[in-house]
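Participant: Show me the folded form of this:
(one chain, ligands or ions: 2)
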Amino acid sequence: MSGLYIHIPFCLQKCLYCDFYSLATRKSKKAYLEALSKEWEERKNDLDWGVKSSIKTIYIGGGTPSSLDRDEVKYLFDSILKDRTLFHPNLEEMEITFEANPENLTYDYLNFLKTQTPINRLSIGVQSFCDNDLRAIGRKHSALQAADSVQLAQKVGFKNISIDLIFALKDMTKERWEANLRKAIELKVQHISAYCLTVEKGTMLNTLVERGKITLPNEIEQEEQFLIAKDYLTKNQYEHYETSSYAIEGYRSQHNSLYWQNKPYLGLGASAHSFNLKKRRWNINNLQEYIEGVNQNKIYYQEETLSPKDIYNEYILSATRVKEGISISHIKETFSQETFNHFLLQIPELLKNNLIQRQNDHYLLTTKGILLSNQIAVSLFL
Ligand SMILES: C[S@@+](CC[C@H](N)C(=O)[O-])C[C@H]1O[C@@H](n2cnc3c(N)ncnc32)[C@H](O)[C@@H]1O
Ligand code: SF4
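Facilitator: Ligands and ions are numbered 1, 2, ... in the order given. Here you go, the predicted structure:
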């Protein structure tokens, strides 16, 4: 089983916190979509990079995929699905996700997505159901529009909707964060991604924080808000299955789960990453250079072959994020005796500090451990 990721870098504006490769432009959209189609044609049968097992998930992410108009969305699917042999035979059984911003989600656009494309899962970038928060982070949509977009999506028939929320925003109180979660539950969305605001280098937010223009909640407040989400959502039938991900039973993100389970995926477009179990490849994060590279047969990516050490470290990183935790037998059977010994040597300290607990073949992170998952991963790394 493998997945296909397609990156759409166009946005209405560049949000101050955002580190994803995205541009506030509409320029070169057509040329970009043509380049995507060409990249797909070139790579799908490449012995090294083609997805050898049938593709079970497609994730169109960004940037803002919903900035594409209907003809552009149609063109994208027509080019990708032209050769159906690489895909699961039944499109309806695949998970096909489209990331969307609330301001683009009119009834007509949603109805088009539902009836004229194979998209069966929406990931809506709500961020907050509070106008003060949305203004503070410079979003184009209002709280009302955010809730309306979810309801309209339900009305046209989408039965698998995820929303993104961000906590630890400037001036965000516990009460406000709880109100956001309450609203999400009230809307009966199947999946919630609850991210802690990260100050990424090179973003406008980072400049503002460094200049003292913005003060954000401290680490204790961040942890408090993380725990509020965990507690409140799990009490309301959402399974906390990955650091930032909560799902009603049967609605985990299958595509993102491929990443966390170190399964293969092919990424198309500027900045997209690919993984074929042995190598990682990442495309250049520059729109024009990507288009030129694809069209003129120049190299538009970098790649690295993973060493056994990289593969072990990546496994640890993913396993410390997911509910299932770290499989002892997987490490024993996949890696060298030396690696397994190194792993076993770190365990007593982690158990003593109540960061992990054993459950059959797995070490699971405790709640304290989840808050310190990066530290745990670093301590287990080779
Ligand atoms: C690819 S991004 C953008 C999706 C869509 N364009 C939007 O803005 O709604 C996916 C999600 O990552 C989250 N995100 C982006 N930057 C973040 C940051 N610095 N800290 C926390 N979450 C972030 C947001 O919740 C966002 O919806
Ligand atoms: S958060 Fe979304 S809309 Fe804002 S710049 Fe990033 S990708 Fe674009």
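Participant: and the residue nearest to residue 49 when sequence neighbours are not counted, what does it touch?
Facilitator: Spatially, and ignoring its direct neighbours in sequence, residue 49 is nearest to residue 43 (5.1 Å; CB to CB, 6 or more residues apart in numbering). Every C-beta, even on glycine, is put in place using the N, C-alpha and C of the backbone. With contacts taken as CB atoms under 8 Å, 6 or more residues apart in numbering, residue 43 has the following neighbours: 49, 50, 266, 268.
Participant: my guess is the first one meets residue 274, correct?
Facilitator: If I follow you right, that is residue 49. Yes: using CB atoms under 8 Å as the test, residue 49 is close enough to residue 274 to be in contact (6.3 Å).
Participant: Can you check which residues contact both of the two?
Facilitator: Contact with both residue 49 and residue 274 is made by residues 266, 281, according to CB under 8 Å, 6+ apart.
Participant: Next up, phi/psi of the one residue in the stretch 151-300 of the chain that gets nearest to ligand 2, please.
Facilitator: Shortest the stretch 151-300 of the chain-to-ligand 2 distance, computed as CB to the nearest ligand atom: residue-wise this is residue 164, at 8.8 Å. Phi and psi for residue 164, reported as degrees, to the nearest 10, are phi -100, psi 130.
Participant: Show me how the record splits this structure into domains.
Facilitator: Following automatic domain parsing, one gets these domains for the chain: 2-260, 308-380.
Participant: coming back round to it: so which of the contacts of residue 43 is surrounded by the most neighbours?
Facilitator: Neighbours here are counted as other CB atoms under 10 Å. On that basis the top member of these is residue 266, with 25 neighbours.
Participant: if I look at that residue, how far off is ligand 1?
Facilitator: Going from residue 266 to ligand 1 by CB to the nearest ligand atom, to the nearest Å gives 18 Å.
Participant: Residues in a beta bridge with the residue of the stretch 151-300 of the chain closest to ligand 2, which ones?
Facilitator: residue 193 (DSSP bridges).
Participant: need the contact list for it.
Facilitator: Applying CB under 8 Å, 6+ apart as the definition, the contact partners of residue 164 turn out to be 123, 124, 125, 126, 127, 193, 195.
Participant: can you rerun that using 10 Å?
Facilitator: Residue 164 makes contacts with 99, 123-128, 191-195, 244, as judged by CB atoms under 10 Å, 6 or more residues apart in numbering.
Participant: ok, so of the residues you listed, who is nearest residue 13?
Facilitator: Taking CB to CB as the measure, residue 125 is the one of the contacts of residue 164 closest to residue 13, at 12.6 Å.
Participant: how would you label that closest one: helix, strand or coil?
Facilitator: At residue 125, secondary structure determined by DSSP: H, G, I helix; E, B strand; the rest coil is strand.
Participant: all helices for the stretch 51-200 of the chain, in order.
Facilitator: Shown for the stretch 51-200 of the chain, the helices assigned by DSSP state H, counting those that start in this stretch span residues 70-81, 107-116, 131-136, 143-156, 174-186.
Participant: Out of the ones you listed, flag the one nearest ligand 1.
Facilitator: Of all the helices of the stretch 51-200 of the chain, the one in closest proximity to ligand 1, counting by CB to the nearest ligand atom, is helix 143-156 (9.7 Å).
Participant: just the angle between that closest one and helix 174-186, please?
Facilitator: For helix 143-156 and helix 174-186, the angle between their directions (axes from the mean of the first three to the mean of the last three CA atoms, to 10 degrees) works out to 20 degrees.
Participant: chain center to helix 143-156, what's the gap?
Facilitator: In this view, helix 143-156 has its centroid 21 Å away from the chain centroid, taken as CA atoms, centre = their mean, to the nearest Å.
Participant: and that helix, average pLDDT?
Facilitator: Taken as a whole, helix 143-156 carries a mean pLDDT of 98.
Participant: can you tell if it touches ligand 1?
Facilitator: No: applying CB under 6 Å from any ligand atom, one finds helix 143-156 separated from ligand 1 by no less than 9.7 Å.
Participant: Tell me what angle that helix forms with helix 107-116.
Facilitator: Going by the same axes, to 10 degrees, helix 143-156 makes 30 degrees with helix 107-116.
Participant: Could you check helix 143-156 against ligand 2 for contacts?
Facilitator: No: Helix 143-156 does not reach ligand 2 (CB under 6 Å from any ligand atom); its nearest approach is 13.2 Å.
Participant: packing partners for that helix?
Facilitator: For helix 143-156, the elements it packs on are helix 107-116, strand 121-127, helix 131-136, strand 161-167, helix 174-186, judged by 3 or more CB pairs under 10 Å, 6 or more residues apart in numbering; DSSP states H and E.
Participant: Give me whichever of these is most buried.
Facilitator: When the helices and strands packed on helix 143-156 are scored by mean count of other CB atoms under 10 Å, the highest mean neighbour count falls to strand 121-127 (a mean of 25).
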